[in-house]
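K.L.:
Provided below are the primary sequence and the corresponding predicted coordinates.
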Amino acid sequence: MALSTNPVPLRERLIFALDVPDVASARKLADALGPSVEFYKLGLELFMDGDYFSLVRHLTAMGKKVFVDLKFFDVPATVGRAVRRLNGKGVACCTVHGNDGMLAAACENKGDVKILAVTALTSLDRGDLDDLGFGCDPGALVLSRARRAFRIGCDGVISSGLEVPVLRRSVDNRLLVVTPGIRPVENRPADDQKRTVDVRQAFLNGADHIVVGRPVRDADDPRGAAEAIQRTVAEVFADRS
């Protein structure tokens, strides 16, 4: 067991992926979730609605933390300027999905925003990585990218829960590890997430945060589903003491 020792408020360890088609739906869902969620991830689908930053302002006005998950990938100068534009907007962190130059440019311009480097998407398995020309297993790729990200100055990484134990053994524990692809039960065949773990295992493996979307969003009672996850998180960290 390698529970995170980073000082993260307990109820902020759950990040809810607010993956809905438009800002109006996002606001309605956030209001319904109320105090069950304190940290939100806003992704590409919402960005395309055109009113993304009004939602950022709405959530921060509610006292929530916001994670901008746009996976910046462009020439380093453009990535740096894009990250700089997030300063002062109440954004807690953002993702960069690129090489060393892009990560360095993001870190140089991050201001009050934490930079999270994407290692390998949880929707990719070994076959997908072979198709993309990486020629290595996901664990090796995640570890290589995490080491470089920490050396460059990133605050954390996005990593499947399957790879977190090796990160905790091989990379500085100060590195924040955010784990998406959380599933409460075994994946359904149609699920596009392939490298998954459940809530308890993600934290026992050493994750600082988990990102949960569909298991909360698609529940009959989203607020109840989020609170159930919060109870599990509390139990895991209570066991440590």
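P.N.:
Structure received.

K.L.:
Give me the residue at the spatial middle of the protein.
P.N.:
V178 (4.6 Å; C-alpha atoms, centre = their mean).

K.L.:
Can you get me a residue count around the closest residue to that residue other than its chain neighbours?
P.N.:
With C-beta to C-beta, 6 or more residues apart in numbering as the criterion, V178 has its nearest non-adjacent residue at 4.6 Å, and that residue is H209. The way it works is simple: take the backbone N, C-alpha and C, and place the C-beta from them, glycine included. Per other C-beta atoms under 10 Å, the neighbour tally for H209 reads 27.

K.L.:
before we move on, the earlier item: tell me the predicted confidence for the residue nearest to the centre of the chain.
P.N.:
Reading off the confidence values, V178 has pLDDT 94.

K.L.:
so it makes contact with D208?
P.N.:
Yes: with contact defined as C-beta atoms under 8 Å, V178 counts as touching D208 (6.6 Å).

K.L.:
what residue ranges in this structure score low on pLDDT?
P.N.:
Filtered on pLDDT under 70, the chain yields the residue ranges 1, 120-139, 183-196, 240-241.

K.L.:
all helices for the chain, in order.
P.N.:
Here the chain has its helices, by DSSP state H, at 23-33, 44-47, 52-61, 76-84, 100-108, 126-131, 138-152, 164-170, 199-204, 214-217, 222-240.

K.L.:
Out of these, the one nearest F67 is which?
P.N.:
Closest to F67 of the helices of the chain is helix 52-61 (C-beta to C-beta; 10.2 Å).

K.L.:
which secondary structure elements does that closest one contact?
P.N.:
helix 23-33, strand 39-42, strand 65-72 (3 or more C-beta pairs under 8 Å, 6 or more residues apart in numbering; DSSP states H and E).

K.L.:
about what we covered before: quick one: the residue nearest to the centre of the chain from D49, how far?
P.N.:
Using C-beta to C-beta, to the nearest Å, we find V178 at a distance of 24 Å from D49.

K.L.:
same thing with F67?
P.N.:
17 Å.

K.L.:
Looking at those two, which is more packed in?
P.N.:
A count of neighbours by other C-beta under 10 Å puts F67 above the other of F67 and D49, at 24 against 16.

K.L.:
list the contacts for the closest residue to that one other than its chain neighbours?
P.N.:
Nearest residue to F67 in three dimensions, chain neighbours excluded: K41, at 4.4 Å (C-beta to C-beta, 6+ apart). Contacts for K41 (C-beta atoms under 8 Å, 6 or more residues apart in numbering) come out as I15, F16, A17, L18, F67, D69, V211, G213.

K.L.:
circling back to that earlier point, can you lay out the helices of the chain as a markdown table showing mean neighbour count and distance to T119?
P.N.:
Formatted as a markdown table, the helices of the chain follow (neighbours: other C-beta atoms under 10 Å; distance: least, C-beta to C-beta, whole Å):
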| stretch | mean neighbour count | distance to T119 |
| --- | --- | --- |
| helix 23-33 | 16 | 27 |
| helix 44-47 | 16 | 18 |
| helix 52-61 | 16 | 25 |
| helix 76-84 | 18 | 17 |
| helix 100-108 | 21 | 11 |
| helix 126-131 | 13 | 11 |
| helix 138-152 | 19 | 4 |
| helix 164-170 | 18 | 9 |
| helix 199-204 | 22 | 15 |
| helix 214-217 | 19 | 21 |
| helix 222-240 | 16 | 23 |
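
K.L.:
Dump those helices to JSON lines, plus distance to I115.
P.N.:
Output for the helices of the chain, formatted as JSON lines (distance: least, C-beta to C-beta, whole Å):
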{"stretch": "helix 23-33", "distance to I115": "24"}
{"stretch": "helix 44-47", "distance to I115": "18"}
{"stretch": "helix 52-61", "distance to I115": "17"}
{"stretch": "helix 76-84", "distance to I115": "7"}
{"stretch": "helix 100-108", "distance to I115": "5"}
{"stretch": "helix 126-131", "distance to I115": "23"}
{"stretch": "helix 138-152", "distance to I115": "8"}
{"stretch": "helix 164-170", "distance to I115": "16"}
{"stretch": "helix 199-204", "distance to I115": "21"}
{"stretch": "helix 214-217", "distance to I115": "26"}
{"stretch": "helix 222-240", "distance to I115": "24"}
